[in-house]
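[1] Sequence first, predicted model second:
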Amino acid sequence: MVEVALSVGSNADRVPSIRKGVQALTEHFGAVSRSPVFESAAEGFDGEPFYNLVVTFTTRLALFDLRTTLRSIECLCGRSAHDRGFKSRSLDLDLLLYGDQVLQTEELRLPHEDIEQYAFVLRPLAELMGGRKHPRTGVRFGEMWAAMEHTAVPTWRVPFDWT
């Protein structure tokens with residue numbers, strides 16, 4: 001079993017899309033831990049604000065089988081298989097961590113580079129896994145967030161009804 005961390009985001013039908021996506025993850029993988037939900041402005045394009053959170057779970061799936069499953073969950077939640085890049089989306093599931101694996105290919109980078117670049121990824125990751133060390137840098141996620149917090153694009157915690 002390997003512990004996985006995903007960034008979950010939506011700026012189109014945010015609440016139902018995130019509920020449906022996290023429910024699908026639970027159905028596929030069992031127990032899912034989740035951070036609080038944060039809101040932030042769209043970055044890199046003009047669009048509606050995003051809701052973002054991080055979820056963790058364990059899986060026996062191989063890395064690329066996991067990616068295929070995540071893409072199918074995105075499609076289930078209304079995202080086109082060809083809908084990539086900086087644009088609005090119903091559900092975005094980005095693989096942040098696959099255990100402590102460090103990998104850099106054309107298709108995939110682990111740990112995901114967004115951890116170090118975007119507050120909407122690092123803040124919920126630090127809330128959920130603040131004491132864990134980044135597999136490449138060895139710095140704890142909580143420490144990374146403390147260093148980024150003052151320069152980051154604002155994110156704010158929002159109440160989220162999971163029912």
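    Perfect, I can see it now.
[2] pull the CA atoms of stretch 2-10 into PDB?
    The C-alpha atoms that make up stretch 2-10 are tabulated as PDB, following Å, rounded to 0.1, in the frame of the first residue of the first chain:
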ATOM      1  CA  VAL A   2       1.200   3.500  -0.800                       C
ATOM      2  CA  GLU A   3      -0.100   6.800   0.600                       C
ATOM      3  CA  VAL A   4      -1.300   9.200  -2.000                       C
ATOM      4  CA  ALA A   5      -2.000  13.000  -1.700                       C
ATOM      5  CA  LEU A   6      -4.200  14.700  -4.300                       C
ATOM      6  CA  SER A   7      -5.000  18.300  -4.900                       C
ATOM      7  CA  VAL A   8      -8.800  18.600  -5.500                       C
ATOM      8  CA  GLY A   9     -10.100  21.800  -7.200                       C
ATOM      9  CA  SER A  10     -13.100  23.200  -8.900                       C
END
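[3] who touches it?
    17-18, 21-22, 25, 29, 34, 50-60, 66, 70, 89-99, 112, 114, 120-121, 124-125, 128-129 (C-beta atoms under 8 Å, 6 or more residues apart in numbering). Heads up, the C-betas are built off the backbone N, CA and C, glycines and all.
[4] how about residue 161, phi and psi?
    Backbone dihedrals for residue 161, given as degrees, to the nearest 10, come out at phi -90, psi 110.
[5] what residues are up against it?
    Neighbour list for residue 161: residue 15 [criterion: C-beta under 8 Å, 6+ apart].
[6] Centre of the chain to the lengthiest helix in the chain, how far?
    What stands out as the longest helix in the chain, according to DSSP state H, is helix 14-29. Once both centres are worked out by C-alpha atoms, centre = their mean, to the nearest Å, helix 14-29 turns out to sit 12 Å from its chain's centre.
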